[in-house]
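Peer 1: take a look and give me a structure for this.
(chains A, B and C)
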Amino acid sequence: MITEIGHFALVLALAVALLQGSLPLIGAWRGIVGLVGLARPAAIVQFFLVALAFGCLMTAFITSDFSVINVANNSHSAKPLLYKIAGVWGNHEGSLLLWVLILTFFGAAVAVFGRNLPAAFRARVLAVQALIGIGFLLFVVFTSNPFLRVFPPPMDGGGLNPLLQDPGLAFHPPLLYLGYVGFSTAFSFAIAALIEGRIDPVWGRWVRPWVLGAWCALTGGIALGSWWAYYELGWGGWWFWDPVENASFMPWLAGTALLHSVIVVEKRDALKTWTVLLAILTFSLSLLGTFLVRSGVLTSVHAFATDPARGVFILAFLVIVVGSSLVLFAARASSLKGWGYFAPISREGFLVLNNLFLAAAVGTVFLGTLYPLFLDALTGEKVSVGPPFFERTFVPIMVPLVVLMAVGPLLKWKRSDILGIAGRLKAGVLGAMLVVVVALTWADARSALALAGMALAGWLLIGCMAILAERAKFSSGQVGQSLIRLARTPTATWGNAIAHLGVAIFILGVTASETWQIEKLQIMRPGESVQVGDYRFTFEGSEPLAGPNYTAVRGTFQVHHKGAPFVRLSPEQRHYPVPPMTTTEAAIYPMISGDLYAVVGDPNGTGGWSTRIYYKPLVSWIWGGALVMMLGGLMSLMDRRHRVGAPARRRLLKSPAAQEVA
Amino acid sequence: MKPKRRRLIFVIVAVTVLGAAATLVLTAFDENLVFFLTPSELAIRDVDPGRRFRLGGLVEEGSVEKVDDGIETRFRVTDLSAAVPVRYRGLLPDLFREGQGVVTEGAMGLDGVFVASNVLAKHDENYMPAEVAEALKKSGKWQGDKGRNAPDNW
Amino acid sequence: MSFRHLVPFILFVVVVVSLGVGLTLKPKEIPSALINLPVPDFQLPPLEGKTNGLASDNLRTGSVQVVNVFASWCLPCRDEHPFLMQLAKSGRATVNGINYKDKPEKVAKWLAEVGDPFARIGADLEGRVSIDWGVYGVPETFIVDGAGRIRMKYLGPLDNSDRTTAFLECLDTIARGGDQCSK
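Peer 2: Numbering: from 1, shown residues only, chains lettered A, B, ... in the order given. As a prediction, this is how the structure comes out:
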């Protein structure tokens, strides 16, 4: 019964979306107030209907209702509750429903928090949002319905891929989708602005919080996914340039560029055409990511639905959404005047550079990810583009970006003189040298590249501090006054400094863990030990173990640090019966200074076990850095000036759309 | 500076950055494209020892042996008409099993043995005919109870 | 509308065309070179402890037969096994097996556990005969008509999907004396 309610709610949501996607557009065009007013309640109702459907599916999973095909194929009665819930989106149909849920969530959020938007503009935004929703709801209802029944119901379910039974991964898709789909709002704002044919600084101010929010969620989602790969896959790596990872990384890069170009629109009423294009591009890349993952066109560990029919549907949808928005862009972009000619040395000049580098980065990742597909399409030859390609192209593009990143925030709008900042740059160079010296005393230099990485991080670190020091005028020597000034610094400025600091932390983590990692691979018998850096790992043996829905072999290592007992590590190899699969559970002891990482493999038949032990210095700084970036984004979001629905903006009233309706 | 000159500066910078990116992409493609070959294709093609490529197929049944006290694994990758011996030092991935699909990355050694630096045992459609891949993927989803509950749709 | 602003759209069209081509490229069916040709000449010994081996002569009996290539180590084979059991019980066709690269004691244990639908089983320890049949992976299932010609090659497990329905339809077509299975 609950399943049927869910199914019904989904169909109703589709009907509401059809209304919401058409009538408000007509209303805004013809100036019919009644139709314009329809958008808000429709968006809210649509969200509740999809939430109801989602709730019903979740109920089916929690109660293990195996008469629902989706539950039967993807759940199992012996599964812990958390994974029954995660199972809802751990499959193709459910994850699409989650996609729609988040899409309608953002629609409802615009309806509720966008009170300050002119009614006609808001109606257009919500209508565009609904048009996207229609596509995905059609997709769910007609090709990927999660509410289909099976008769007779099987005795028990087929289980969930054990690799995916993990708390990190359980929350990875929701967070990732929150980011992916969050960019739909920026897209809808851009399309609505193109329809109206005008963009002004107020528009920039409206979009910015939505871009920031989506960006924060996507940053968190990607970091969580990378962390999962690090501890679950047992290879010790944290980023594989896997197509699915790239699929989420491309919108992140484009979104980061968008985040910065929107500021230029807001402050300088410039870069408008480019920003609109970027908003379209960012969401298109999100859709492309969905296409790549769902169609199985590119292969990956993560893909769970590989049905060409579904691929065709998403591709058709991609063509309609992106194609029509780009045509609209071509038709209307010329009306968005305002390519100001900035001074090269100015805040906006550097933001343009930021966009240039990020766009180039998106381009290389895009080519690397899709080239195998292009080549297959043209010649039938199968190739893969591995991490070396991305390291060779992506890193050189990022280096100048990071160098400029320390300077940009110190520049003034409109124009800045190069001599003025030169003094501050000296501090940056000193900082870079300091970090290199610390790195050299702490560990030996392995490569020039590693030192360059450290120097880069140091340079950026100082740059971030300089943002705040500048505000506080520490150079004036009055510490008390400076602290007061620091306290009064807008949260957005703090956010800026902290987000950039996150990048510096991230670079430190990557450089240190790649350069000074120690890896030991050997066969160990109980009682034998191996020295890894300052740590001595003694293997105490392996024993069988029964988990809630698996059996496992657990190895135990006693770790000594400089002779003193330090910690015990117990990696496992788990065997899941349904579906039959073996997973490696690495034992990780995370420390700020570095992680101890131990994996136990197969027995060799003569009493020994293959084991792999790593010492990874500063590796947790990688995710720490991402977390700090996200924190910086959230702080910017909390700034009163950006808060959605905050102080009424009189300038809004000047918008012709507002007058039209009023 | 006049607006025109400022604009020129931006255009020059943009062209430089994008040009540099394009150059990077092209050279990196040249050196880092990893071709994918099946054992049969490998038999026809001349591949220089040392040139990296990916070899994919099934792990031949009964071919897996551990040497050097278990650190090194030797096995044969087959597409059922040709087979290539492979050796690999390291822990094998979770999904590595005899009779299952495998993709290894590495280069041919001078002794005719493929030295893998990386073994991926993915259930992976791109690397083998869709049907075989489907069969392999199926095995990952195989249900122990299905025999008893097979729906009757005759 | 200026040309400059059309550039993104044009680039997009190029990408979409490539994606579309990529999508259609996946070969969903591998055509077998052996379709409508007589089965290859072969003779396979029975499994240990059994008496019915499989040879080409056994497949020219005037009635439609099914040849299933299987192995005890192959999990998808286990998946499709109930289907073969039902097929054998239904009497629609004689079901024969080619046991591919298996250990005698393992396959005996396996058949005891899941049931034995096969009228005859040929033990292909080396896998040579399977190569003659063009076997790409296990499981694979062939439909052989009364005159000993291969009429259909089915890749992957017979798992009650739409493809399985196509298999059964083909079986019926051949049994009725038809000589082509529409692909």
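
Peer 1: is chain C within reach of the lengthiest helix in chain B?
Peer 2: For chain B, the helix that runs over the most residues, judged by DSSP state H, is helix B:3-32. No: using C-beta under 8 Å from any C-beta of the partner chain, helix B:3-32 never reaches chain C; the gap is at least 12.9 Å. Every residue, glycine included, has its C-beta placed from N, CA and C.

Peer 1: whichever helix or strand comes after that helix pairs with which strands, parallel or anti?
Peer 2: Proceeding N to C from helix B:3-32, the next assigned helix or strand is strand B:33-37, under DSSP states H and E. With DSSP bridges as the test, strand B:33-37 is paired with strand A:383-385 (antiparallel), strand B:53-59 (parallel).

Peer 1: most packed of the ones you listed?
Peer 2: Counting by mean count of other C-beta atoms under 10 Å in any protein chain shown, strand B:53-59 has the highest mean neighbour count of these, with a mean of 24.

Peer 1: restrict the strand or helix carrying B:Arg76 to CA atoms and write it as PDB.
Peer 2: Under the criterion of DSSP H and E, B:Arg76 resides in strand B:72-78. C-alpha atoms of strand B:72-78 as PDB (Å, rounded to 0.1, in the frame of the first residue of the first chain):
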ATOM      1  CA  GLU B  72      54.500 -12.400  -6.300                       C
ATOM      2  CA  THR B  73      51.500 -13.800  -8.000                       C
ATOM      3  CA  ARG B  74      51.700 -15.400 -11.400                       C
ATOM      4  CA  PHE B  75      48.600 -16.100 -13.500                       C
ATOM      5  CA  ARG B  76      47.500 -16.200 -17.100                       C
ATOM      6  CA  VAL B  77      45.100 -13.800 -18.700                       C
ATOM      7  CA  THR B  78      43.000 -15.400 -21.400                       C
END
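
Peer 1: any idea how far that strand is from the chain center?
Peer 2: The gap between the average C-alpha position of strand B:72-78 and the chain average comes to 15 Å, counting by C-alpha atoms, centre = their mean, to the nearest Å.

Peer 1: partners of it, with directions?
Peer 2: If you go by DSSP bridges, strand B:72-78 pairs up with strand B:53-59 (antiparallel), strand B:65-67 (antiparallel), strand B:83-89 (antiparallel).

Peer 1: and the longest helix of chain B, what's buried?
Peer 2: For helix B:3-32, the buried set under the neighbour-count rule, 16 or more other C-beta atoms under 10 Å in any protein chain shown, comprises B:6, B:9-10, B:14, B:17, B:21, B:24-25, B:28-29, B:32.

Peer 1: mind listing what residue 124 touches?
Peer 2: No chain was given, so I picked chain A. Contacts for A:Arg124 (C-beta atoms under 8 Å, 6 or more residues apart in numbering or on different chains) come out as A:24-25, A:28, A:191-192, A:195-196.

Peer 1: nope, chain C please
Peer 2: C:Asp124 makes contact with C:44, C:98-101, C:130 under the criterion C-beta under 8 Å, 6+ apart.

Peer 1: how is chain B divided into domains?
Peer 2: B:1-33, B:34-140 (automatic domain parsing).

Peer 1: quick one: mean pLDDT for stretch A:513-532?
Peer 2: Confidence for stretch A:513-532, expressed as mean pLDDT, is 88.

Peer 1: what does stretch A:492-507 give?
Peer 2: On average, stretch A:492-507 scores 93.

Peer 1: what sits up against it?
Peer 2: Contacts for stretch A:492-507 (C-beta under 8 Å, 6+ apart): A:402, A:405-406, A:409, A:453, A:456-458, A:460-461, A:463-465, A:467-468, A:471, A:621-622, A:624-639, A:641-642.

Peer 1: chain center to it: distance?
Peer 2: Distance, stretch centre to chain centre, for stretch A:492-507: 17 Å (C-alpha atoms, centre = their mean).

Peer 1: what of stretch A:363-374?
Peer 2: Centre to centre, stretch against its chain (C-alpha atoms, centre = their mean), the figure for stretch A:363-374 is 19 Å.

Peer 1: ditto for stretch C:105-121
Peer 2: 18 Å.

Peer 1: ok, stretch A:166-177 next?
Peer 2: Mean-position distance between stretch A:166-177 and its chain equals 11 Å (C-alpha atoms, centre = their mean).

Peer 1: report whether that stretch contacts chain B.
Peer 2: No: for stretch A:166-177, no contact with chain B is found by C-beta under 8 Å from any C-beta; the gap never falls below 13.1 Å.

Peer 1: okay, and the beta partners of C:Val66?
Peer 2: Bridge pairing for C:Val66 - DSSP bridges - gives C:Val95, C:Ile143.

Peer 1: and the pLDDT for it?
Peer 2: Note for C:Val66: predicted pLDDT of 92.

Peer 1: residue contacts, it?
Peer 2: Contacts of C:Val66 by C-beta under 8 Å, 6+ apart are C:87, C:93-96, C:141-144, C:171.

Peer 1: quick revisit: any idea which of the contacts of A:Arg124 is closest to C:Leu155?
Peer 2: The shortest approach to C:Leu155 among the contacts of A:Arg124 belongs to A:Ile191, at 45.7 Å (C-beta to C-beta).

Peer 1: that closest one - how many residues pack around it?
Peer 2: 27 (other C-beta atoms under 10 Å in any protein chain shown).

Peer 1: mind checking the SS state of it?
Peer 2: Put simply, A:Ile191 is helix when judged by DSSP: H, G, I helix; E, B strand; the rest coil.
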